[in-house]
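**Q** Turn this into a structure:
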Amino acid sequence: MFSITKTYSEYSYVPMLLKSRAKTTALSEAQLKTTLKEDKNSGLQASSTCKMKDSCLCLCILIIGTFCFHATTALESCLEEQLRLKGQVRLLEHQVKLQQIKIQHLLQERELQLMDRGDDQIVIDLGDKRSYADCAEIYNDGHKRSGFYKVKPVQSTSPFSVFCDMSEGGGWTVFQRRSSGTEDFYRNWTDYKTGFGDFASSNGEYWVGNDNLHYLTLQGDYTLRIDLVDFEGQKRFAQYKSFRVGDEQSLYQMSCGEYTGNAGDSLTGGFNAEVEWWANHNGMKFSTKDRDNDNYEGDCAEEDKGGWWYNRCHSANLNGLYYKGPYTSKTDDGIVWYTWHGWWYSLKYVAMKIRPANFEPNLV
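**A** Okay, here's the model as predicted:
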């Protein structure tokens with residue numbers, strides 16, 4: 001704007017003066033020079049004002065630019081620090097996981113040592129100050145040692161002994177264990193109803209009782225984990241969601257959900273859709289040698305020498321006869337988990353255990 005005015009003053013004023021001279025009295029040469037000089041000074045003054053305003057504008061732009069530069073630099077520094085902290089968090093998380101794995105391995109080694117020392121007595125008396133519904137409550141109350149404890153589910157009329165496995169995250173209530181063949185599992189309905197076996201030795205064989213198993217699983221949503229060991233020392237496991245056992249009126253009907261693990265799904269027959277109709281134990285009623293509740297024309301419990309949730313008859317027979325690995329027999333009556341070793345291999349060690357589905361493992 002000011003530059004335009006300056007140009008107008010210097011160049012456009014002369015024709016106006018000449019035109020004015022033609023119409024009126026002519027201006028003297030001295031007057032003309034004076035007028036042009038004044039106009040030029042006015043233009044220079046405007047130009048000076050313009051330059052001063054331009055300097056202010058440049059200064060403002062410089063200040064704003066400097067501020068933006070520092071703000072951008074600060075933002076970049078914050079982002080770099082954020083990335084650095086995230087990296088440290090990931091490193092710490094990885095280190096914690098490694099420590100958890102080490103602790104888990106140590107606990108597993110300890111459990112295997114206890115398996116080999118089956119004569120150890122590990123009954124733990126916590127007194128009568130508090131009643132525990134299951135081993136998860138015992139674990140959460142600060143008792144981290146594996147052993148036999150007293151538990152009393154909500155609807156149970158009296159407490160009973162059960163082995164609490166504090167490995168694999170802790171809080172597992174073991175309701176069945178096979179380890180040596182010292183205990184007879186080819187029993188009648190009443191024995192399986194009330195429970196039987198060695199409830200004192202660290203490696204004792206037992207069945208907690210179908211009534212007790214019903215009371216335990218009635219309390220909420222439970223996860224079933226089955227630990228398996230063969231005579232070569234290899235270990236596998238199978239895990240099922242939403243495990244539940246009904247009451248005696250339902251003939252202790254068993255139900256379970258989705259499978260995970262590395263032993264294969266022998267409990268629900270999920271390994272082969274063509275055999276699922278007869279190999280699936282999910283939804284089956286319990287059978288013993290004196291109570292035939294299976295779907296078979298014959299008697300599965302009598303043929304396969306155990307009490308179990310037989311269908312027609314089984315792909316899992318964890319209460320069968322104790323053989324040492326490969327065996328021969330008229331029927332597949334060994335401790336069988338078909339999807340791992342087939343029907344003609346009897347396992348060395350089995351533990352069936354449950355834990356609330358919402359239980360949060362704490363290995364530290």
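**Q** C-alpha from now on. contacts and neighbour counts both.
**A** Noted.
**Q** Quick one: neighbours of the closest residue to residue 217 other than its chain neighbours, just the number.
**A** Once flanking residues are discounted, residue 217 sits nearest to residue 244: 5.2 Å by Cα to Cα, 6 or more residues apart in numbering. The number of residues packed near residue 244 is 26, by other Cα atoms under 10 Å.
**Q** which residues touch residue 244?
**A** Residues in contact with residue 244 (Cα atoms under 8 Å, 6 or more residues apart in numbering) are 214, 217-218, 221-222, 254-256.
**Q** Now list the buried members of the residues you listed.
**A** Burial by neighbour count, 16 or more other Cα atoms under 10 Å: within those this picks out 214, 217-218, 222, 254-256.
**Q** Name the nearest of those residues relative to residue 81.
**A** Checking these against residue 81 by Cα to Cα gives residue 222 as the nearest, at 43.9 Å.
**Q** okay but that closest one is in contact with residue 241, surely?
**A** Yes: in this structure, residue 222 is within contact of residue 241 by Cα atoms under 8 Å, at 6.8 Å.
**Q** list the residues that contact both of these two?
**A** Taking Cα under 8 Å, 6+ apart as the contact rule, residue 222 and residue 241 both touch residue 357.
**Q** how about the strands in the protein?
**A** All strands of the chain, identified by DSSP state E, fall at 147-151, 160-165, 172-178, 196-197, 206-207, 222-229, 235-245, 254-255, 259-261, 316-317, 325-326, 336-337, 345-346, 349-356.
**Q** Comparing those strands, which stretch has the densest surroundings?
**A** strand 316-317 (a mean of 28; mean count of other Cα atoms under 10 Å).
**Q** so how many other residues sit close to residue 73?
**A** 12.
**Q** before we move on, what about residue 123?
**A** 18.
**Q** now the closest residue in space to residue 191 that isn't next to it in sequence: how far from residue 160?
**A** Sequence neighbours aside, residue 209 is the residue nearest to residue 191 in space, at 7.5 Å (criterion: Cα to Cα, 6+ apart). Separation of residue 209 from residue 160 (Cα to Cα, to the nearest Å): 10 Å.
**Q** next one: residue 88
**A** Distance, residue 88 to residue 160, using Cα to Cα: 48 Å.
**Q** and what of residue 271?
**A** Distance from residue 271 to residue 160, by Cα to Cα: 36 Å.
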